[in-house]
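Student: got a sequence here, can you model it:
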Amino acid sequence: MHLSFYLLAMITASLFGILAAVWLFAPSRFLSAWNLDNSTSAGLVGRRAGALYTGVAAMFFFARNAEPSATLNALIDGLIVTCVLLAILGLYEFIKGNANKSILGAVVIEMLLCVMFLQV
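Tutor: The predicted structure is shown next:
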């Protein structure tokens with residue numbers, strides 16, 4: 001199956017937009033789902049991550065009509081690196097017992113994004 005960059009950029013912008021909204025306005029949802037303490041520190045870091053997710057969502061939304069180029073490849077490669085690292089960290093925290101199995105859903109989505117972007 002071949003995905004267009006436009007469609008994948010819109011999916012990515014939507015997913016990261018949802019992540020951003022939750023981290024910015026309700027960080028306790030992910031923290032409690034992953035069996036983590038909802039402390040002031042965790043909320044602060046989560047909201048800051050939400051700002052980064054907002055930036056990724058905006059980049060892919062604004063780049064959705066971009067023609068193939070070195071810049072577009074850099075954007076895609078950057079997201080692949082980000083998602084691979086997030087997936088590795090999620091697995092590490094699960095294996096170490098710092099997060100429960102709910103984090104595996106995030107790991108699966110991150111790896112799916114990697115695979116889809118490798119096909120674009």
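
Student: against which helices or strands is the strand or helix carrying Val81 packed?
Tutor: With secondary structure defined by DSSP states H and E, Val81 is part of helix 70-95. With contacts defined as 3 or more Cβ pairs under 8 Å, 6 or more residues apart in numbering; DSSP states H and E, the packing partners of helix 70-95 are helix 40-62, helix 103-119. The way it works is simple: take the backbone N, C-alpha and C, and place the C-beta from them, glycine included.

Student: buried ones in that helix, by neighbour count?
Tutor: Within helix 70-95, the residues that qualify as buried by neighbour count (16 or more other Cβ atoms under 10 Å) are Leu75, Ile76, Leu79, Ile80, Thr82, Cys83, Leu86, Ala87, Gly90, Leu91, Glu93, Phe94.

Student: got the angle for that helix vs helix 103-119?
Tutor: Taking axes from the mean of the first three to the mean of the last three Cα atoms, to 10 degrees, one finds that helix 70-95 is oriented at 160 degrees with respect to helix 103-119.
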